[in-house]
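[1] Turn this into a model:
(chains A, B and C)
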Amino acid sequence: MIKNHILEIKNLSVTIGNNPVIKNLNMGIPENNIVAIMGPSGCGKSTLIRSINRMHELNDNVRVSGEILFEDKNIYEKNAMFIRSQIGMVFQKPNPFPNMSIIDNVLSGYILTGKKITKKEKMEIAETSLKKAFLWEEVKDRLFERGSFLSGGQQQRLCIARSLALKIKLLLLDEPTSALDPIATSKIEELIEELKKEITILIVTHNTSQASRISNLTAFMYFGELVEYGKTNQLFTVPRDKRTEEYLMGKFG
Amino acid sequence: MGDKETNVLNKRLIFNQFFNYFCLALSVFALLPLFLIIFGVLQNGIGRINLSFFLENQPSPSNSGGGILNALLGTFYIVSLATIISTPLSILAGFYLSENRKKRFTELLYSMFNILQSIPAIVIGIVVYAWVVRPMGNFSLLSGSAALAVMMFPYISIAATEMFSLVPNNLKEAGYALGAPRYRLFFKLLLPTSLKGILTGILLSISRVAGESAPLLFTAFGNPYVNFNLNEPTSSLPVLIFQYAISPYKNWQDVAWGASLVLIISIIFLNIMSRYLLKVKKN
Amino acid sequence: MYSVERKEKVFKTFVLLSVLVAPAIIIGMVITLLDGSILVLSEEKLNFFTTTNWDPINKRFGVLVFLVGTFLTSLTALFLSLPFSLAIALVTAELYKKNKIANFISFMVEIISAVPSVVVGLWGIFFMAPVMRELQLFFGYTPYGTGFLTTSIILAFMIIPFASALGREVILLVPEDIKEAAYSLGATRFEVIKKVILPYVSTGFLGGVFLSMGRAIGETMAVTMLIGNVNYFPENIFSPTNTMASIIANEFAEATEEIYISALMGVGLVLLISTLITSVLGKWVIKRLTY
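    Next up, the predicted model:
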């Protein structure tokens, strides 16, 4: 907690249509940590991470107030596409691009944004990203094939590699293992643990035991409010708020 | 169950069976003209089909023999140009319609495409006459293509809308999350993934307009010779068939049958091929 | 960064312009035809719609015969095709759903729509007209062969793919659970169709009727080749007459006088408005069913 905050959320409120989804939320994310956000469904946790890389702007009727500082700069003062290429995101369901080969999928952040890289850089980036995502050994002989033969877990790691290829410092994971089996899940969790050394990770999960297993810090959200936020072991053993306690005991959602 | 009940049930079942067969019979009967037409075209057209039929221009009234070279090439040029004009516009329009699906305004726009589809071809013909033929001063290949392009535009647009809508939302999100601008996402992801489907739509719309005479009567008009010039009248198979079918000359009527056979086979082939393409895609 | 934003803007503009082509064409068509027919309308006023005298030489233009001819042939065609279209819709959407028979029938029906109108007309002239001539002789009418009934039958055949596809669409809208509920009460297929499906989709069928009507109204080539092209009301069900689409197809190319062209543009305008009304009405009715 002594480290710098890579992300600082100040007085964030998000309204979709007429529904306030996030209410005046303040939160600091320190570098090289794994921060878990949990809460019952509909509590605004997905909306929160989607507003960090401004994905919520793809929908209409979304209004945002407050500030989100990424490396001390307000992301709403920059170009949304620029922000998105700085902050990675992995979704619930693995979604590699079906029209691209494995290597093109890893490099899709470059292909889709039109960033020029040399052939040599391509191979380098692909190899390091796949290695970081624990996928290199499994796919190195089939780089130029389409990824339809990959298992769900492998596909999800490919999606992580795709984000890592852009040399991001912050990775947002939106329930990344909810569509995966236990073995694939534990592999992803291992991978996240390893990634922590280099980047900061924000993971949304409805699975409390996953949050307790992998995160250093945990936030609990309820009806758009940040109810409690602190060190994971503290929050799980001696929650300060009654609602947190009830949630951990499985009282709702 | 008593006897009476069994009786009633039996009656109901028999009636049900009768109804099934009755509907089936009506359906098959409705197809009868189709078989008769295909048979008639084969019977009357097959005799004319030989190499010179494809290599000679349409005959003049006094001549025997002759072929459909000018009309065949004309149809090919007119339809190709129409496809080139309408495809890019349709794909972009389809992109708009699929991206803004939930908006009221889009619903209104989409209904415009449905309405455009329902406008009679002959009306499109005279309007394009006013738009292109009159200012240019004469019937032309270009005006014929413009008329067919107007007909193809809604068909391809609607097909493209459907294909783009099939691309899962989570893929688009993944693209945006990597920081992709909309236009690159369109060219690098949406277009490649839905290309096959759009191609099917294009082929289907070609098969729909290739047999149209009404929009060409006062635009491309007709020409006894092969024409490549955008600014000159151009012959087409459907118009040739129309003119020769209502003529009093036996030779011309025979050419009309031969041309019909060629046209019908090409269109049915295109139609089946595009459906096959779509099936391959779905599996 | 700046250039990406700029490209994005250019792309967005192109996309918006492309989609606006559709309304632009429709509005442009209405304006062009209105503008084109002003001359004849100012000359003939309401007589254009209410008189039957179509005489290019003396420059008198009344379109009532074509209007009546168009609507009567289309309506007759609609009634003739209704039982067949309904049967095909039922066979493919319910009775033999997902069966080889249904696949074959829907495939063949789609092939009907692939047959060019002009080929249907050609066949009509040489195969159907002779049969109709025999029929007319038998009933003691002048044996033209072509005429009102010939055209209506051909039109009925030609709208079958369209009408049956619409019927099928609305039948498939009936929720599966409603049908299942009916079957679970012991109803036979026929009873489910009669008591559940048809009542449920009746408004949808009305919409389909309007849309098919629009299709029939605009059909040109086969009609032009078989209607007989005389500017009189049909005296009997076999008589030759004329329609809006075929008067345009027959005379537009030879019209040289301004007022003659204007009169034909006027016919085009009436034709366009008729199909716009049927298609908007049809879509509206069907939409009310779906919502």
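
[2] alpha carbons only for contacts and neighbour counts from here, please
    OK.

[3] what residues does chain B put near chain A?
    With the criterion set to Cα under 8 Å from any Cα of the partner chain, chain B comes near chain A through B:170-171, B:173-181, B:184-185, B:188-189, B:192-193.

[4] can you tell me the helix or strand for A:Ser13?
    Applying DSSP states H and E as the criterion places A:Ser13 in strand A:5-16.

[5] swap in A:Leu172?
    Per DSSP H and E: strand A:170-174 holds A:Leu172.

[6] among the residues of chain B next to chain A, which are within reach of chain C?
    B:Pro181.

[7] Would you mind listing which of the residues of chain B next to chain A are buried?
    Using 16 or more other Cα atoms under 10 Å in any protein chain shown as the burial test, the residues of chain B next to chain A include B:170-171, B:173-181, B:184-185, B:188-189, B:193 as buried.

[8] And the furthest pair within those residues?
    B:Gly179 and B:Thr193 (19.2 Å; Cα to Cα).

[9] circling back to that earlier point, which one of the buried ones among the residues of chain B next to chain A is nearest chain C?
    Comparing these against chain C with Cα to the nearest Cα places B:Pro181 closest, at 6.8 Å.

[10] In contact with C:Thr52, which residues?
    C:61-65, C:231-232 (Cα atoms under 8 Å, 6 or more residues apart in numbering or on different chains).

[11] quick revisit: report the rounded mean pLDDT for the strand holding A:Leu172.
    Here strand A:170-174 scores 94 as its mean pLDDT.

[12] Give the residue spans of the stretch 1-150 of chain B that score low on pLDDT.
    Residues of the stretch 1-150 of chain B that meet the criterion pLDDT under 70 lie in B:1-2.

[13] For the chain, which segments count as strands?
    No chain specified, so I'll use chain A. For chain A, the strands defined by DSSP state E cover A:5-16, A:19-30, A:34-38, A:62-70, A:73-74, A:87-90, A:170-174, A:200-204, A:217-222, A:225-231.

[14] if you could check chain C rather than the one you did, that'd help
    So, for chain C - with DSSP E - the strands run C:54-55, C:60-61.

[15] Which one, of the ones you listed, ends up nearest to chain B?
    Comparison of those against chain B by Cα to the nearest Cα identifies strand C:60-61 as nearest, at 18.2 Å.

[16] Can you give the contact residues for that closest one?
    Against strand C:60-61 from outside (Cα under 8 Å, 6+ apart): C:40, C:44, C:48, C:51-55, C:263.

[17] packing partners for the strand holding A:Ser13?
    On a contact count with 3 or more Cα pairs under 8 Å, 6 or more residues apart in numbering or on different chains; DSSP states H and E, strand A:5-16 meets strand A:19-30, strand A:62-70.

[18] Tell me the strands beside it, with direction?
    Within its sheet, and counting by DSSP bridges, strand A:5-16 is paired with strand A:19-30 (antiparallel), strand A:62-70 (antiparallel).

[19] Make JSON lines out of these and add mean neighbour count.
    As requested, the strands paired with strand A:5-16 are exported to JSON lines (neighbours: other Cα atoms under 10 Å in any protein chain shown):
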{"stretch": "strand A:19-30", "mean neighbour count": "18"}
{"stretch": "strand A:62-70", "mean neighbour count": "18"}
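
[20] Give me the pLDDT for A:His5.
    pLDDT recorded at A:His5 is 89.

[21] Skipping its backbone neighbours, what lies nearest it in space?
    Distance criterion Cα to Cα, 6 or more residues apart in numbering or on different chains; nearest residue to A:His5, sequence neighbours excluded, is A:Pro30 at 4.0 Å.

[22] Ok, C:Lys98 next?
    Going by Cα to Cα, 6+ apart, C:Lys98 has C:Thr92 as its nearest residue, at 7.8 Å.

[23] for chain A, what are the low-confidence residue spans?
    In chain A (pLDDT under 70), the answer is A:1-3, A:251-253.

[24] need the helices for it, in chain order.
    Along chain A, counting by DSSP state H, helices occupy A:45-52, A:80-86, A:102-106, A:108-113, A:119-132, A:136-139, A:152-164, A:182-195, A:208-214, A:232-237, A:242-248.

[25] Likewise for the stretch 1-150 of chain C?
    C:2-44, C:47-50, C:64-90, C:100-114, C:117-123, C:129-139, C:148-172 (DSSP state H, counting those that start in this stretch).

[26] Adding mean neighbour count, write these out as JSON lines.
    JSON lines is the format used below for those (neighbours: other Cα under 10 Å):
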{"stretch": "helix C:2-44", "mean neighbour count": "17"}
{"stretch": "helix C:47-50", "mean neighbour count": "18"}
{"stretch": "helix C:64-90", "mean neighbour count": "23"}
{"stretch": "helix C:100-114", "mean neighbour count": "18"}
{"stretch": "helix C:117-123", "mean neighbour count": "27"}
{"stretch": "helix C:129-139", "mean neighbour count": "15"}
{"stretch": "helix C:148-172", "mean neighbour count": "24"}
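
[27] Does the longest helix belonging to chain B reach chain C?
    In chain B, taking DSSP H as the definition, the longest helix is helix B:3-45. Yes. Helix B:3-45 lies within reach of chain C by Cα under 8 Å from any Cα, at B:12-13, B:15-16, B:19-20, B:23-24, B:26-28, B:30-31, B:33-34, B:37, B:40-41.

[28] Tell me which other helices or strands that helix touches.
    helix B:250-282, helix C:64-90, helix C:100-114, helix C:117-123, helix C:148-172, helix C:189-192.

[29] how about the ones you listed in TSV, adding mean pLDDT?
    Converted to TSV, the helices and strands packed on helix B:3-45 look like this (pLDDT from 0 to 100):
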stretch	mean pLDDT
helix B:250-282	89
helix C:64-90	95
helix C:100-114	92
helix C:117-123	97
helix C:148-172	94
helix C:189-192	86
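
[30] In TSV, list those along with distance to B:Thr106.
    Output for those, formatted as TSV (distance: least, Cα to Cα, whole Å):
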stretch	distance to B:Thr106
helix B:250-282	26
helix C:64-90	30
helix C:100-114	29
helix C:117-123	33
helix C:148-172	22
helix C:189-192	37
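
[31] and the spatially most central residue of chain B, which of the three is it?
    In chain B, the C-alpha nearest the mean C-alpha coordinate belongs to B:Arg208, at 1.2 Å (Cα atoms, centre = their mean). Classification of B:Arg208 using DSSP: H, G, I helix; E, B strand; the rest coil returns helix.
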